[in-house]
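Asks: quick one: sequence plus predicted model below, questions after.
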Amino acid sequence: MGRRWSSFTVPAEGISGGLILLWKTAVGYVDVVTVSRYAAHMVVSSKEGETWLMTAVYASNQLEQQKLLWEELVGLGNLGLPWLVGGDFNAILAVEEKRSRATVTLGPKSSNFAKFVEEAGVCDLGYEGVPFTWCNNQSGDNRIWVRLDRALANPEWVRMFPGSRVLHLDRSSSDHAPLLVQAQGTPERRRRPFRFELYWMEYKECRDIIARSWRGTAHGNPMHGFNHKIMNMQRYLGLWSKAGLGCLETEMKAVRMEIQRLEERDAREELDAADFTNLRCCYNRRAALSRQINLKWLQRSRLKWVQEGDRNTHFFHLTTTLRGRRNKIQRLRSKEGEWTQDQEHIAKEFLEHYEELWGPNTAERWELP
């Protein structure tokens, strides 16, 4: 490979396991600090001055071996360093990450993997490309696709590389697709921030997603558990809104045109039962859309101060600083009436409150008349 490349190898045991690490010397200094059978950990110091931790993973397919690996990785997550961990985890987090003829369910491997993600305080960096990274290369009903490979990172690493991307590349001679992680300090384009729309609460699907996000037991640090559930809720609400909701104004225009068509026909001749029912449904949908559009623009009007502040840099920074001071929770009174200043106890109270708020009886409480 020449002087421009360096490498490190974790030997395989038989025909399983094994890792090969390759890097260009031009990227900076890479120090492999510790290795185990299924992971290699290295400190990367770039010439630009960034220093962060990277872990390459090739997880076993055996449940007990996976448990030991997750315990090893959780310890690294508690170091507080910017951390990227990627590779073949041999587990999935959602049923959508596997496609096969048989019914897909989440077993103990998925539960343990999800517990590790939560306790380590990392998040999935997502991907671009084909949604699956592994295929059994069989045909017909026996063909199986799974997302076994991914890249995870903690908030410190994401802040260091806010423009990072993960690409699923084409499979060639392997049953796995290569992952390309592009660590970029500045995003190529400004991503639209997640914004919860008030009118979403009128949809049962939205309330169900929120309820599912808050159910289940949080493991490890309460703040990690709280953040993990918030991130999951944002992700699934975003996917739902893109797939199931369109532009309110566009739909309103279409509904009004349909009402006009039916009313003009009703003026010329009596509508039959089907058209009359359709007209009543259009009236109801117009009323619902009008209410949702009003909620949408009411919410926008409350954010106008951000736009005004952005035109005045001093005002923007001052108000942001003051809001940050006001928003910091110094102490909290528990359900028992006792005050606490311990940040871990405060996080636990928040977590328990929202788990109770969105518990099993949520649907009954939020059912609209």
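Replies: Perfect, I can see it now.
Asks: any low-confidence regions in the stretch 1-150 of the chain?
Replies: Scanning the stretch 1-150 of the chain for pLDDT under 70 picks out 1-2, 14-17.
Asks: all strands for it, in order.
Replies: Per DSSP state E, counting those that start in this stretch, the stretch 1-150 of the chain carries strands over the ranges 5-10, 19-24, 28-35, 39-46, 51-58, 83-88, 98-99, 123-124, 134-135, 145-146, 149-153.
Asks: so which of those is the most surrounded?
Replies: strand 149-153 (a mean of 23; mean count of other CB atoms under 10 Å). Where C-beta positions appear, they are placed from N, C-alpha and C, glycine not excepted.
Asks: what is that strand packed up against?
Replies: strand 83-88, strand 123-124, strand 179-182 (3 or more CB pairs under 8 Å, 6 or more residues apart in numbering; DSSP states H and E).
Asks: export those strands to JSON lines and tack on distance to residue 282?
Replies: Below are those laid out as JSON lines (distance: least, CB to CB, whole Å):
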{"stretch": "strand 83-88", "distance to residue 282": "51"}
{"stretch": "strand 123-124", "distance to residue 282": "41"}
{"stretch": "strand 179-182", "distance to residue 282": "48"}
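Asks: between those strands, which gets nearest to residue 40?
Replies: Closest approach to residue 40 among those is made by strand 83-88 (9.4 Å; CB to CB).
Asks: what pairs with the closest one, parallel or antiparallel?
Replies: Each strand paired with strand 83-88, and its direction, by DSSP bridges: strand 51-58 (parallel), strand 149-153 (antiparallel).
Asks: output the longest one as PDB - backbone C-alpha positions only.
Replies: Once non-C-alpha atoms are left out, strand 51-58 reads as follows in PDB (Å, rounded to 0.1, in the frame of the first residue of the first chain):
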ATOM      1  CA  THR A  51      -9.900  14.600  18.100                       C
ATOM      2  CA  TRP A  52     -12.500  11.900  18.400                       C
ATOM      3  CA  LEU A  53     -13.100   8.300  19.200                       C
ATOM      4  CA  MET A  54     -14.000   5.700  16.500                       C
ATOM      5  CA  THR A  55     -15.100   2.100  17.000                       C
ATOM      6  CA  ALA A  56     -15.300  -0.400  14.200                       C
ATOM      7  CA  VAL A  57     -17.700  -3.300  15.000                       C
ATOM      8  CA  TYR A  58     -18.300  -6.800  13.600                       C
END
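Asks: how far is it from where the chain is centred?
Replies: 20 Å (CA atoms, centre = their mean, to the nearest Å).
Asks: got a list of contacts for it?
Replies: Here strand 51-58 makes contact (CB atoms under 8 Å, 6 or more residues apart in numbering) with 17-19, 21, 38-45, 69, 73, 76, 79, 81-89, 156-157, 160.
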